[in-house]
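Visitor: sharing a sequence plus its predicted fold:
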Amino acid sequence: MTLPRFDVLVPETVEQACSLLAEHGGGARVLAGGTDLLVDLKRPIVQERLIEAGGGDPGRFTTLGDGEPGAIDPWGSGDPPPDVLISLHKLAGLKRIEVLDDGRLRVGALATAREIQRVPEIRDRWTALAEGADSLGSPLVRARGTIGGNICNARPAADITVPAICLGAQLELQSPDGSRTLPGEQFILAPGVTVIEPAEILTAVTFPALSARTGSAYYKLGQRKALEISVVGVAVYVELAGDDTVQAACVTLGAVGPTPLAARSAAEVLAGGKPTGELLARAARAAAADATPIDDHRGTAEYRRLMVEMLTRRTLELAVERAGGRS
Amino acid sequence: MSNDYRILNTRAPRVDAVDKATGRAQYTDDLSRPNMLYGAILHSPLAHARILDIDTSRAERLPGVVAVVTWRDAGTEPYGVSPARYDETIFCHDRVRYVGDEIAAVAATDPDTAHEAVRRIKVDFEPLPLVLDGRHAMDDGQPQLHEQYENNICAQVHWRFGDVEQGRREASVIRTDTISSKMQDAAFMEPQAVLAEVDAQRNLTMFSSTQAPHYVQRTLAMALNHPLHKVRVVKPAMGGGFGPKASCSTAELATCLLALKTGRPVKFTFDREQVFLHSRARHQFLHTMTTGVRDDGTLAFLEHECILDGGAYASFGIATVYYAGSLLGGPYRLKNMNYDGYRVVTNKPACGAQRGHGAVIARALFEIQLDRIAEELEMDPIELRLKNVMDAGETTCNELFVSSFGMREALEAVRDSAAWKKKRALAGQTRAEGKGIGAACGFFVSGAAYPIYRSKTYHCTVVTKVDEVGGGVVVQSGAADIGQGSDTMLAMITAEELGVSLDDVRVQAGDSSLSVDLGSYSSRTTLMTGAAARDAARDVKRRILSAVAGRIDVPPETLDLKDGCVISLADPIDFSALRDEYLKEHVGFSDLPDSPKLSFREASRIAFLEIGAVVGTGEYRPPKLGGSFKGAAVGTSPAFGCSAQVAEVSVDLETGEVTVDRITGAHDCGFAINRTQVEGQMHGSMMMGMGEALMEQVIYDEHGRILNRNLAEYKIPTSLDMPQLDALIVESNEPHGPYGAKEVGEGAIMPVIPSILNAIHDATGVRINELPVTPERIVRALRRKSVCAK
């Protein structure tokens, strides 16, 4: 694996960053923690494109690294590498984490997983987000990887993104034309693909204020206890009413679809019901039905669907307990 | 245990500890030379194809490219590990056989240019049908990889020991089980790296991250057609090997070829991806075993068949297929054993040796069988094992003689230390759901008794020399410290023998120009090179003491070296004449000896003044061992290590996640030269075996490409996955080893996989016969069981 050559530009303000992005168009990528980006940029050693040989002989292939029209590319080398990385590391304002006066939580896009892990209010109230940060990579990755990078990289298994969407994240995006706010669940379209505009930067993630009787949880299932890409991730959020019925609930699934997936029928099952074991089990079955997993080398679709059910039930039990614990 | 050693059997810090901890240690990739070039290799992107044409012209035209080499430069003479199976060429010329097979190499002024040049090499391929499934590689009609391997069989073994049919008649419980594993990677920290340079006399020196400088030296000379005495292989500091670095690699051959062609130093370092592509790591094993025992639990027979998927080339694979059978000869009394082994070739990277060479998965299945048989006999699994373990002085049915054997002691030690009886008794009663405990044993060689090439060569020589100025001792050895600590072992033995401190011994090792040493494989270095180092030190000691004795006119046998001084075993001696002589030589020095005893520094100086250079030598060659049947050499060893282990696990019965809670292992290393290092090898084995049991597998797609060719997706245990490890050292005093020492480096891994698998069965009631035992496989097995129960 070798890194291609690129320039690194270091803007001092968000405005500068946006205009640099506008200037370089599709040839630029935004560098935050770099824990995904730099790995993605590395070129595999064995990646020669195979090109069908000329002369009407379809059974023959030629290796040629730099490609030619009509080439077939079984290695899927993907997009051309960027010429420019725009590093955000000088934008200190984007690191800020604060609980706003109205009770909302605002996390700057450059806040690292480690910083998120260590905020007592997040651990206490937006627990699923803290647990997502806990389960990301390793201490080294958590020290560099940011919430903004985790969301913009748009991977279906992303450990911060899945709980963030579950907790109702609103994304603040800034561009040379101004700023806009978008619900987290509308942001990711496909693996690696988001609605972000070419000159737009994610600056902050805001979470709604929580009533006293809410609880959330995130569970990551993998083969080992760190440095793991989820086989399944489940984030749940539950808010209880005065009569202990479920006032609001959300179940978000990781690694069982092309994007983090809202298990809407699970939320519908929960709404208004008493959070009994039976109800939670029914919601878990609904979540499993909502999942759209595939077979890959990390696990089969069948196992993943089964695990969605198991883990949804467990995380719901935990979230309900956490919600009840504050009543 | 108490003994009179000053340094041996202690926890002396490693001689390289400070350098490694501070970053001062120089690994191969840290080395640099003026005017140095950088190498890169073109690997095949196809798993099986005919090469129609190779066009390097666009690469050669790239500015900064100094040389491009292909088979036209390297020739097409085959080489390999075993002389009976030379089946590789440095570069492919007519055919590629796996994704990663090497086609060409480039030397350029910087790494980026070298990579770019590789991308400009044009190769025309005609794809050929693939053989990817080792189970079916031997079937009729399968594509053939090599002309010389009929039905893709690279090697086969058919052994008949004792009388299995008689054993079958005597057996009251007979069962047949299977297991399959996946190809694995050794996941050493340091990828292979090479720096090659050539001097004006065409002396080729190669620095390389290798386990076996001597074999690599021979292979380089043979494959490059360069005089053997003009090839020197040096091993700098090294970050692990575990087997895959025991054979000569294309990286080494290509880099040396480029250095010879350009006359300039060339460096080449594998990317992690290339470590996976090159592999030479653990084979895929498909074992079927039928084991019978009598009603009293005595083993009656074993009938064993194995297919080894070895990838595209032979590498160490012939030894692997023999080891897979031979090492089941112990540690239990087993009179009747049949073995049929087939090592097949497929379009995947070649497999070779890896810690516990050939025997790890066979051991796993056999130990699982013992557990299942114990269950049928309603016997405690450890009791069943204790009933069958061999004792020192016995010979296995395949003629392996065990001269020391702490198997019984090891098994009892783990049983008691892990409170086995108490915990087993809880099974099915008050024990928490998903908790389980399992045990297993292991058996391994302590140094292969025969070299890879047919020869009566000494397996190692050691030259120990005392500084002419007096005081310092240099140990010169070809032995390769690959991280296991052999340099420290050599220093400790030398310091012990000469009565000096560890700080006064300098080890120069891992260099083929210093001595012959067959290398760090088959767990041989402590027993063999340790014996040679002991003898070299004793030789030096004899020379020093006779020189001193001559000067003071006493019999040499009345003198000894101890605590840095010459001591008299008879009457007190007046050394003042010698002292005066030493002091006169050192006018103006401040650290002069002033005790009444004659220091080692003075004594060794006097010896030099009397006899000139004070050099001692030692060498080791095993006695003739083993039977006369075909393949009897593989598995023979001057000594055998044995081990026992108890694993405790918690299994999440819904998700299948396994947490290993505790591992208690005992290993009979004969005598611990360094107790901390013995424990380190045991801990490392536990970690490696745990990874192999639970998570490690190289995953291929239908084109023969590795999907997880990096350490993010090839899972090995992290520190968070590791349980409490209790390493218990058993010392049985091996008569053929120096000070009673024998192996620990590989034997300690043997019981790890089966003890964990037996514990998982205890926890879940299900058996999984496909490794690794992933959470998904456990959940599937649990669901099958619950469906069957309904």
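Guide: Received, thanks.
Visitor: what's the longest helix along chain B packed up against?
Guide: As assigned by DSSP state H, the longest helix anywhere in chain B is helix B:525-552. In terms of contact count using 3 or more CB pairs under 8 Å, 6 or more residues apart in numbering or on different chains; DSSP states H and E, helix B:525-552 is assigned the packing partners strand B:460-466, strand B:473-477, helix B:486-498, strand B:559-562, helix B:576-585, helix B:600-611, strand B:614-620. Bear in mind the C-beta positions are built from the backbone N, C-alpha and C, glycine included.
Visitor: adding mean neighbour count, mean pLDDT and distance to B:Met686, write those out as TSV.
Guide: Converted to TSV, the helices and strands packed on helix B:525-552 look like this (neighbours: other CB atoms under 10 Å in any protein chain shown; pLDDT from 0 to 100; distance: least, CB to CB, whole Å):
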stretch	mean neighbour count	mean pLDDT	distance to B:Met686
strand B:460-466	26	98	29
strand B:473-477	24	98	29
helix B:486-498	26	98	21
strand B:559-562	18	96	38
helix B:576-585	14	95	52
helix B:600-611	23	97	40
strand B:614-620	22	98	30
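Visitor: the longest helix of chain B: which residues count as buried?
Guide: The neighbour-count criterion (16 or more other CB atoms under 10 Å in any protein chain shown) identifies B:525-541, B:543-549, B:551-552 as the buried residues of helix B:525-552.
Visitor: pass me the low-pLDDT residue ranges in chain A, would you?
Guide: Along chain A, segments meeting pLDDT under 70 span A:1, A:47-79, A:325-327.
Visitor: break it down into its structural domains.
Guide: Residue ranges of the domains in chain A are recorded as A:7-87, A:92-207, A:214-325, according to automatic domain parsing.
Visitor: out of those domains, which is closest to chain B?
Guide: Relative to chain B, the nearest member of the domains of chain A by CB to the nearest CB is domain A:7-87, separated by 2.7 Å.
Visitor: quick revisit: need the domains of chain A in a markdown table (columns: mean neighbour count and distance to B:Phe366).
Guide: Formatted as a markdown table, the domains of chain A follow (neighbours: other CB atoms under 10 Å in any protein chain shown; distance: least, CB to CB, whole Å):
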| stretch | mean neighbour count | distance to B:Phe366 |
| --- | --- | --- |
| domain A:7-87 | 16 | 38 |
| domain A:92-207 | 20 | 37 |
| domain A:214-325 | 21 | 26 |
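Visitor: for the ones you listed, please prepare CSV with the additional fields distance to B:Val18.
Guide: As requested, the domains of chain A are arranged in CSV below (distance: least, CB to CB, whole Å):
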stretch, distance to B:Val18
domain A:7-87, 32
domain A:92-207, 25
domain A:214-325, 29
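Visitor: measure B:Ile373 to chain A for me?
Guide: In this structure, B:Ile373 and chain A are separated by 31 Å, where distance is defined by CB to the nearest CB, to the nearest Å.
Visitor: domains in chain B, by residue range?
Guide: For chain B, automatic domain parsing gives the domain ranges B:17-23+B:458-620, B:31-128+B:191-239+B:244-278, B:284-450+B:627-789.
Visitor: skip the chain neighbours and tell me the closest residue to the residue in the stretch 451-600 of chain B positioned nearest to chain A.
Guide: When distances are taken as CB to the nearest CB, the stretch 451-600 of chain B approaches chain A most closely through B:Gly483, which lies 21.7 Å from it. On the basis of CB to CB, 6 or more residues apart in numbering or on different chains, the spatially nearest residue to B:Gly483 that is not a chain neighbour turns out to be B:Gly240, at 4.9 Å.
Visitor: residues touching the one you found, list them.
Guide: Under the criterion of CB atoms under 8 Å, 6 or more residues apart in numbering or on different chains, the neighbours of B:Gly240 are B:Ala186, B:Phe188, B:Met189, B:Glu190, B:Ile482, B:Gly483.
Visitor: am I right that the last one sits in a strand?
Guide: No: with DSSP: H, G, I helix; E, B strand; the rest coil as the criterion, B:Gly483 is coil rather than part of a strand.
Visitor: buried subset of the contacts of B:Gly240 as a ChimeraX selection?
Guide: For selection in ChimeraX, the members of the contacts of B:Gly240 meeting the burial criterion (16+ other CB under 10 Å) are listed in this command:
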select /B:186,188,190,482,483
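Visitor: which one of the contacts of B:Gly240 is nearest B:Ala789?
Guide: Of all the contacts of B:Gly240, the one with the least separation from B:Ala789 (CB to CB) is B:Ala186, at 40.6 Å.
Visitor: quick check: residues of the stretch 201-327 of chain A near chain B?
Guide: Residues of the stretch 201-327 of chain A that fall close to chain B, judged by CB under 8 Å from any CB of the partner chain: A:221, A:223-229, A:231, A:297, A:299-300, A:303, A:306-307, A:310-311, A:314.
Visitor: quick one: which of those residues sit in strands?
Guide: Within these, residues falling in strands by DSSP state E are A:Leu221.
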